[in-house]
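>>> Give me coordinates for this.
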Amino acid sequence: MQPTESFMLSEIREQPAALQRLLDTELDRVAELAAAARSREISLLFLAARGTSDHAAVYAKYLSEIIAGLPAALAAPSVFTLYGADVRLSHALVLGISQSGKAADAIEVLRRARAGGQLTGCVTNDPESPMAQTAEFPLCCRAGVEKSLPATKTYTTSLALVYALIAQLAGKPQLIDDLRRAPEWIAQVLATEERIAEQAERYRYMDECVILARGVNQCSALEASLKLSETSYLRAHPYSAADFQHGPIAVVGEGYPCILIAPGGKGYDNMSGLATELCERDAELIVVSDQEELLSRATTPLPMPTVPEFLSPIVAIVVLQLFAYHLASVKGRDPDRPRGLKKVTHTF
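Got it, this is the predicted structure:
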């Protein structure tokens with residue numbers, strides 16, 4: 001196991017405090033952006049992000065359309081940066097997401113939108129960053145400096161800002177009362193770290209897996225895949241459970257590792273049915289859930305607290321951050337400094 005002074009592990013453990021800082025300081029600014037959006041009668045949320053931040057944008061898309069009934073689209077930044085296209089974004093809120101605030105291609109989307117008179121906002125951990133300077137309404141994660149290359153506390157705080165913004169856009173500020181319990185729920189996950197570390201040992205020689213989710217937790221499958229890939233150099237393939245059954249499930253045979261993210265909610269029955277099919281193929285099931293029925297069928301159960309479905313991605317991903325960290329440790333990797341990677345990746 002890596003020493004506890006690992007930046008990644010320390011930053012995973014800092015998440016309850018980081019979320020509490022955000023809740024204490026940033027919600028008024030979120031409400032201001034939502035009020036501006038309502039006054040301009042926006043009819044589209046247009047999201048520009050890369051990497052981990054793109055997974056936060058996927059979460060935003062689900063919440064925007066389900067909770068607020070507001071159509072959302074994920075920008076392809078190259079449409080702006082490589083092709084110079086003139087995209088009609090009237091009545092859109094253009095929201096950039098970048099933990100560092102230095103994602104040049106996402107910043108260019110914001111710049112073009114603001115120059116065209118569109119409402120712009122951003123989610124970033126650096127209030128002095130280029131992205132924060134470009135957007136009309138910057139929202140800050142308040143996570144503190146993140147020294148480890150894999151994003152952890154900046155990801156969960158980005159999700160929290162996204163959730164708070166959508167709740168306000170939907171005119172449902174009461175949903176933020178649930179968000180206020182997120183630090184407590186994450187602390188409950190952190191209390192299970194020793195068990196997660198022991199379970200990670202079983203997968204010392206795992207070099208490939210699939211990660212499956214449905215609905216709002218699709219972002220969790222994407223983010224968990226990135227964390228396992230960059231810390232343990234796995235071929236970790238994320239899929240929607242629905243898409244997986246349209247062909248890729250053919251890769252699953254005896255002992256094939258399948259990570260299922262399946263908390264209670266609208267997607268649970270589908271995930272439970274998929275687990276049955278995977279068991280029939282003798283797959284190795286690693287299950288993140290609060291549902292005892294499914295956990296009891298897992299080769300490796302990874303319990304999480306029972307939380308409202310729309311907040312489950314903020315909690316479930318912490319289970320998998322810990323799993324990724326401890327798996328990298330037993331494999332002898334340095335999760336703080338994955339080979340060949342930098343904290344800020346410059347694309348345009």
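>>> Was I right to think Arg142 contacts Glu26?
Yes. Arg142 sits in contact with Glu26 when judged by CB atoms under 8 Å, with a separation of 6.0 Å. C-beta here means a position set from N, CA and C on the backbone, and glycine is covered the same way.
>>> Low-confidence ranges, this protein, go.
Of all residues in the chain, those with pLDDT under 70 make up the ranges 1-4, 338-348.
>>> the domain parsing of it - what is it?
Here the chain is described, according to automatic domain parsing, as comprising the domains 7-180, 189-330.
>>> Between these, which one is closest to Arg337.
The closest approach between Arg337 and any of those, judged by CB to CB, belongs to domain 7-180 at 6.2 Å.
>>> Endpoint to endpoint, that closest one covers what distance?
Between the opening and closing residues of domain 7-180 lies a distance of 26 Å (CA to CA, to the nearest Å).
>>> Report the distance from that domain to the chain centre.
In terms of CA atoms, centre = their mean, to the nearest Å, the centre of domain 7-180 is set 12 Å apart from its chain centre.
>>> Same check on stretch 255-263?
Mean C-alpha position of stretch 255-263 versus that of the full chain (CA atoms, centre = their mean) differs by 17 Å.
>>> quick one: buried residues of that stretch?
For stretch 255-263, burial by neighbour count (16 or more other CB atoms under 10 Å) applies to 256-263.
>>> before we move on, the earlier item: Asp336 is nearest to which of the domains of the chain?
Of the domains of the chain, the one closest to Asp336 (CB to CB) turns out to be domain 7-180, at 4.6 Å.
>>> Quick one: residues contacting Arg112.
Taking CB atoms under 8 Å, 6 or more residues apart in numbering, we find Arg112 in contact with Phe80.
>>> For the strand or helix carrying it, C-alpha coordinates in PDB please.
With the criterion set as DSSP states H and E, the secondary-structure element containing Arg112 is helix 104-115. Output for helix 104-115, consisting of C-alpha atoms alone and laid out as PDB, is shown next (Å, rounded to 0.1, in the frame of the first residue of the first chain):
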ATOM      1  CA  ALA A 104      -8.100  26.200 -24.000                       C
ATOM      2  CA  ASP A 105     -10.700  24.600 -26.300                       C
ATOM      3  CA  ALA A 106     -13.500  24.900 -23.800                       C
ATOM      4  CA  ILE A 107     -12.500  28.500 -23.000                       C
ATOM      5  CA  GLU A 108     -12.700  29.200 -26.800                       C
ATOM      6  CA  VAL A 109     -16.300  28.000 -26.800                       C
ATOM      7  CA  LEU A 110     -17.100  30.300 -23.900                       C
ATOM      8  CA  ARG A 111     -15.300  33.200 -25.500                       C
ATOM      9  CA  ARG A 112     -17.200  32.900 -28.800                       C
ATOM     10  CA  ALA A 113     -20.500  32.500 -27.000                       C
ATOM     11  CA  ARG A 114     -20.000  35.600 -24.800                       C
ATOM     12  CA  ALA A 115     -18.800  37.700 -27.800                       C
END
